[in-house]
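# Give me a model of this one.
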Amino acid sequence: MIKDDLVTAIEKSTNLSRSKASALVEAILKFLKKGLIEDGQVEIRGFGSFRVVNKKTGFGRDIRRKSRLAIPRGKRIKFCCGQQLKGLILDSKEN
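Numbers count the residues shown, from 1 in each chain. Model prediction:
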């Protein structure tokens, strides 16, 4: 699912116009970004949580040149699935 699919789904499941559904999706994403930048964490109960983690410098391999590459340290976003979402996903795989 991409952002346009999400806008279409919101448009069909509510009585919002396409432009309002798009504005809603943009607003939600804006506040998710803001939460990650300012607090470093966003939690949506029943869905999961996003948090910013610091990664230390690591090493990788360039297979073509057979050499080691330094992977610079930096920040990454980690997502932890909520229990309700995890249950729905596991139940859907069994069916």
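# other SSEs contacting the host helix or strand of K20?
Using DSSP states H and E, K20 sits within helix 18-38. Helices and strands touching helix 18-38, by 3 or more Cβ pairs under 8 Å, 6 or more residues apart in numbering; DSSP states H and E, are helix 3-13, strand 41-44, strand 48-55. Placement of C-beta: from N, CA and C, glycine included.
# now for the ones you listed, which one comes closest to L69?
strand 48-55 (14.8 Å; Cβ to Cβ).
# what's the following helix or strand past that closest one packed up against?
Using DSSP H and E, the next helix or strand after strand 48-55 towards the C-terminus is strand 58-62. When contacts are defined as 3+ Cβ pairs under 8 Å, 6+ apart, strand 58-62 packs onto strand 67-71.
# For the one helix or strand in the chain whose mean pLDDT sits lowest, which outside residues touch it?
Lowest by mean pLDDT, DSSP states H and E among the helices and strands of the chain is helix 83-94, with a mean of 86. Residues outside helix 83-94 that contact it (Cβ atoms under 8 Å, 6 or more residues apart in numbering) are G46, F47, G48, C81.
# can you list the weak-confidence ranges in this structure?
Counting by pLDDT under 70, the low-confidence segments of the chain come to 94-95.
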